[in-house]
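Peer 1: have a look; sequence and predicted model below, questions after that.
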Amino acid sequence: METLFDLEIEPNMFYIGNSYAVVVLKPEKVVLYRSGVIIKQEEFRSQFDKRVFVVDLIEKYNVTKSKLASALKISRVSIDTWISAYRRGGLIELVNSTKIGVGRKSENPSPTRPQGNKEEIANQERVERKEEEKIKQETIEKQQIKIDFDKEEMNKEAENKDSEFFNQQFEYQKNRYAGAFIYWAIIQKDYKIMSAIEKLFGCSSIVFFLFIFMQVKGFCSIEQLKTIYKFEFGKLLGLNKLESLPGLWKKVHSAINLRRSVEVKTHFFKMQIARGIVSVWYLFIDGHFLPYTGKEKVHKNYHTQTDKMEPGQNEIFIHDINGNIVYFDIQEGKGDMLSVIRQQSKEFSPFNNNIPPLFIVDKEIWGVEKFLSIPKARFITGEKNTNSKDIYSIADKLFSIPFKLNGKIYQCYEREKEYKDSKSGSSILLRQIIIWNHSTDKRRVAVAQDSYEDTETLAKAFLNRWGKSEDSFKHMGNRIKMHYNPVYNLNEPSENQETYNPEYFEADNKLKASKKRLNRIEVELGRRKLTTNKDGSLRKSKVRDNLHKDKEQLKVQIQKEKEILSECPEKIKIDANSSKKSYKLIDTEGKNIWDMCETIFWNSRKILIKYIAEYIPNERDTIPVLEAITNCMGYVKSTEVSIVVILEPLETPRFRHAQEQLCRKLNELEARYSNGKLILFDVAENVQV
């Protein structure tokens, strides 16, 4: 059986990383391969040619420096020196330097040939760069929040020879869940969470791995696991066999009782930013309704799909420009998006050179007082109560050059506008951006508080909100169970025991009714025209006189009702001795763990989509092919040093090619489990069990 990780294809072939390899025919002649296919043949006529070849491989193809140095039998230090020289001055810096004071002196030396020792210059640059990085790191460390547990637990994958996961050895065994193993390669290479979770949660760490692969395979609840093949699913999690439901529920409750989800969540999100898995320059923030259908009394949240308040929680998601989950926060009842923006602006600023990220938000944060409560945040949101007549009166020639986004043509125009609050009298000056959609000939208005981006960039960020935030909810909802909370615990009372005051609503309804009657009287008075007698005097009318009398009485009554309403509190606290039921707090510990696993799965899936998209001719096939590979049956083998997964090939030739290339890509990652075992993949039709 041919394997994708067979290293004996060419006796003189050296693998240099990122699917590339070289065969050295002579010291001055090499052949470059990618995934077993010849890319080009290079012949070095001089040392300059060799340096250009090396720099090209490092800079453009991102190969491994140490492997390339070993293949070409050159020093790793020399490669670093050439790279530094190239980045400093381009290809001209790779020419051999002239030695000052050596040889015949010329009155007009050539200005094109560099002078000095490249290695000395490179060493000096390294010293200066290290000093700058040290100062920068010290600045960042001062601004970062300290985490109680060791930083290395999440940032470095330590060996754990005593791990209970993937420590057994066996020959090839058929497995219905073999395709899901591809997620292990991403999870362990990019997140490296296995050792940290094992250290923090002990035997309960199986809950994290279980939740991740439940979402990979589309299981919506633990109860659905009674339909799985326990031996085969256990191999996917690194166990000999998955426990029965009572044993799993015991592990879930044990993990929840440790009360470590908030600490792990906080550090996890900082870790994925530090590793470059997500971006924090643009952030799309939106709320998601989590319904509660139990019997206990809990606070209500606005459900947009039913357009009414319903019992439940509010989960705020933050996505980056690629739709990755950057942060989530579960809040009681309606929630507070402004507090999340304030807090995360402070948390993410150190990763942006102390510049807060730009939050793209819907109209939920609209209001002068709300804007003033986030003075240091950068944001852009839609404008409420837009003056359409004013917006459409702007001359067409004032708009920017047209730009294309998602297949539509737009133009934009910006001006400053002062927004005032009629109640408090406070005001704020914001950037007003008018976006003209040529396909619909409509103009949308956004307002922004930002001093870093130009008008068109802000307009594109605002228009992308539906694709990066709203669509993410839609696609996540189709793929995974976003509402699922493994354990509903409502034993604790809520700190917020305020409820709406019935007297306030009664007074408010009376005031509204009085205003409505006053409005009807004024309309009736407007309909009755004034008439005059023959002598020019105003003709008397009992009906008009009665209407005027009722109007004056209503004005007095409305004033009294306003005073009553102002003295009546809108909300009151539920007394402990009251007959009303107190509000209960929905515990978020289990939900935090589930959603952390949801984040790991979703962001890993994004990485896999990016990988496999390189091998798919038609973009529409990307996700279906990835899902087909994930659902592939196959064979799994465990040795002392590796886990080998053989996938059954896809039927369509171009899809099988993509499947094989993805396996090669994952093999190049050299991902390992916490016990040091390498994860390897292959595609084959026949496997001798």
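Peer 2: Arrived safely, thanks for sending.
Peer 1: what's the span of stretch 349-366 from first residue to last?
Peer 2: End-to-end distance for stretch 349-366, by CA to CA, to the nearest Å: 23 Å.
Peer 1: in that stretch, which residues are buried?
Peer 2: 349-352, 355-362, 364-366 (16 or more other CB atoms under 10 Å). Every C-beta, even on glycine, is put in place using the N, C-alpha and C of the backbone.
Peer 1: can you check the distance spanned by stretch 207-227, start to finish?
Peer 2: First-to-last distance for stretch 207-227 - CA to CA - comes to 18 Å.
Peer 1: contacts for it?
Peer 2: Stretch 207-227 is contacted by residues 165, 177, 180, 183, 187, 193-194, 197, 201, 228, 233, 236-238, 242, 245, 248-249, 251-252, 255, 479-481, 484, 486, 593-594, 596-598, 600-601, 630 when judged by CB atoms under 8 Å, 6 or more residues apart in numbering.
Peer 1: max pairwise distance over the buried residues of stretch 349-366: which two?
Peer 2: Pairwise distances across the buried residues of stretch 349-366 (CB to CB) peak at 29.1 Å, for the pair 350 and 366.
Peer 1: continuing past the helix or strand containing residue 246, what's the next helix or strand?
Peer 2: Element membership for residue 246 (DSSP states H and E) is helix 245-257. Later in the chain than helix 245-257, the nearest helix or strand by DSSP H and E is helix 261-274.
Peer 1: by contact count, what packs against that next one?
Peer 2: Contacts defined by 3 or more CB pairs under 8 Å, 6 or more residues apart in numbering; DSSP states H and E place helix 261-274 against helix 152-155, strand 325-332, helix 589-613.
Peer 1: pLDDT of it, averaged?
Peer 2: Rounded to a whole number, the mean pLDDT of helix 261-274 is 88.
Peer 1: stretch 661-680 now?
Peer 2: According to the model, stretch 661-680 has a mean pLDDT of 91.
Peer 1: could you give me the buried positions within it?
Peer 2: 661-669, 671-675, 677-680.
Peer 1: which members of those residues occur in helices, if any?
Peer 2: Among the buried residues of stretch 661-680, the members found in helices (DSSP state H) are 661-669.
Peer 1: residue 331 is in contact with residue 316, correct?
Peer 2: Yes. Applying CB atoms under 8 Å, one finds residue 316 in contact with residue 331, separated by 6.7 Å.
Peer 1: Three-state assignment for residue 381, please.
Peer 2: Classification of residue 381 by DSSP: H, G, I helix; E, B strand; the rest coil places it in strand.
Peer 1: contacting residues for it?
Peer 2: Contacts of residue 381 (CB under 8 Å, 6+ apart): 360-363, 365-366, 446-448.
Peer 1: make CSV out of those and add distance to residue 69 and pLDDT.
Peer 2: CSV is the format used below for those (distance: CB to CB, whole Å; pLDDT from 0 to 100):
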residue, distance to residue 69, pLDDT
360, 45, 92
361, 49, 91
362, 53, 87
363, 57, 86
365, 53, 87
366, 58, 90
446, 52, 94
447, 55, 94
448, 49, 94
